[in-house]
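Trainee: Here is my input, please return the structure:
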Amino acid sequence: MRNISENRLERIRQVVAARQKDLALVLDNIHDPHNVSAILRSCDAFGVPRVHLHYTTTAFPHLGKKSSASAKKWVECVRHADTAALAARLDIDGLRLVSTGFGPRAVPLCEWDFTKPTAIVFGNEHSGVCPELARYVAAEMYIPMRGMVQSLNVSVAAAVILHEAQRQRTAAGMYDRPSYAPEEIEALVAMWREK
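Mentor: Numbering: from 1, shown residues only. Next up is the predicted model:
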């Protein structure tokens, strides 16, 4: 077991205890590695423990340590090439799928209840969520905007949405009580102290 300071160990315990087990992201064929890296940094910052990387039409981007600021070390990345298997995994985890969009069923960001188990789907920068995955997505949300341009870079959109999720979950006290069982926390702490 790696020797680390008590301060470092305490920091690891605090961060692990604040991770939101029932909040995840799905990145659907996002081709720009800088966007993926920026999203991973936001996930770490807002307590998202897992990102599902769904790549069926785009090559998986190379994520360098420098561009991801080592966030990928602290956020579990699960790669998927099979859409049905991804949907089954999210269902087993009890997560509702919501994507960004402007369809007739889309609700403003602040109206989505992020205190419920949620997987947020972000589609490809040019073509959006692929049709195979879209059929599993139950709802849509959009970020209300006041400017002439009605879209944000995918990594910026992810940060805005995760900030709202954090706001709601903080108000509900969800960051004050661990979402992982004690034995899961100990396993994560043991794994993280070796990083």
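
Trainee: Strands of this structure, residue ranges please.
Mentor: Secondary structure of the chain (DSSP state E): strands at 23-28, 50-54, 76-80, 96-100, 107-108, 118-122, 139-142.

Trainee: Make TSV out of those strands and add mean pLDDT, distance to residue 36 and mean neighbour count.
Mentor: Quick note: C-beta positions are derived from backbone N, CA and C, even for glycine. Compiled in TSV, the strands of the chain are given as follows (pLDDT from 0 to 100; distance: least, C-beta to C-beta, whole Å; neighbours: other C-beta atoms under 10 Å):
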stretch	mean pLDDT	distance to residue 36	mean neighbour count
strand 23-28	98	6	25
strand 50-54	97	8	22
strand 76-80	94	9	15
strand 96-100	95	16	22
strand 107-108	96	26	12
strand 118-122	98	10	25
strand 139-142	96	21	18
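
Trainee: Could you provide those in TSV, with additional columns for distance to residue 193?
Mentor: Converted to TSV, the strands of the chain look like this (distance: least, C-beta to C-beta, whole Å):
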stretch	distance to residue 193
strand 23-28	24
strand 50-54	19
strand 76-80	16
strand 96-100	33
strand 107-108	41
strand 118-122	28
strand 139-142	37
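
Trainee: For residue 131, which of the ones you listed is the nearest?
Mentor: Checking these against residue 131 by C-beta to C-beta gives strand 23-28 as the closest, at 10.7 Å.

Trainee: middle-most residue in the protein, spatially?
Mentor: Nearest to the mean C-alpha position of the chain, counting by C-alpha atoms, centre = their mean, stands residue 25 at 3.0 Å.

Trainee: Low-confidence stretches in this protein?
Mentor: Applying pLDDT under 70 to the chain picks out residues 64-69.

Trainee: which helix in it runs the most residues?
Mentor: Determined from DSSP state H, the single longest helix within the chain is helix 154-171.

Trainee: what sits up against that helix?
Mentor: 20, 23, 25, 30, 34-35, 38-39, 42-43, 45-48, 100, 109-110, 112-115, 118, 120, 122-123, 125, 141, 143, 151-152, 175 (C-beta atoms under 8 Å, 6 or more residues apart in numbering).

Trainee: returning to what we had before: contacts only, for the residue nearest to the centre of the chain.
Mentor: Counting by C-beta under 8 Å, 6+ apart, residue 25 has contacts 39, 43, 48, 50, 51, 52, 119, 120, 121, 122, 158.

Trainee: how about a markdown table for those, with distance to residue 136 added?
Mentor: As requested, these are exported to a markdown table (distance: C-beta to C-beta, whole Å):
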| residue | distance to residue 136 |
| --- | --- |
| 39 | 20 |
| 43 | 21 |
| 48 | 20 |
| 50 | 17 |
| 51 | 17 |
| 52 | 12 |
| 119 | 10 |
| 120 | 13 |
| 121 | 9 |
| 122 | 14 |
| 158 | 19 |
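
Trainee: what's the spacing between the longest helix of the chain and its chain's center?
Mentor: 10 Å (C-alpha atoms, centre = their mean, to the nearest Å).

Trainee: which parts of that helix are buried?
Mentor: By 16 or more other C-beta atoms under 10 Å, the buried positions in helix 154-171 come out as 154, 155, 157, 158, 159, 161, 162, 164, 165, 166, 168, 169.
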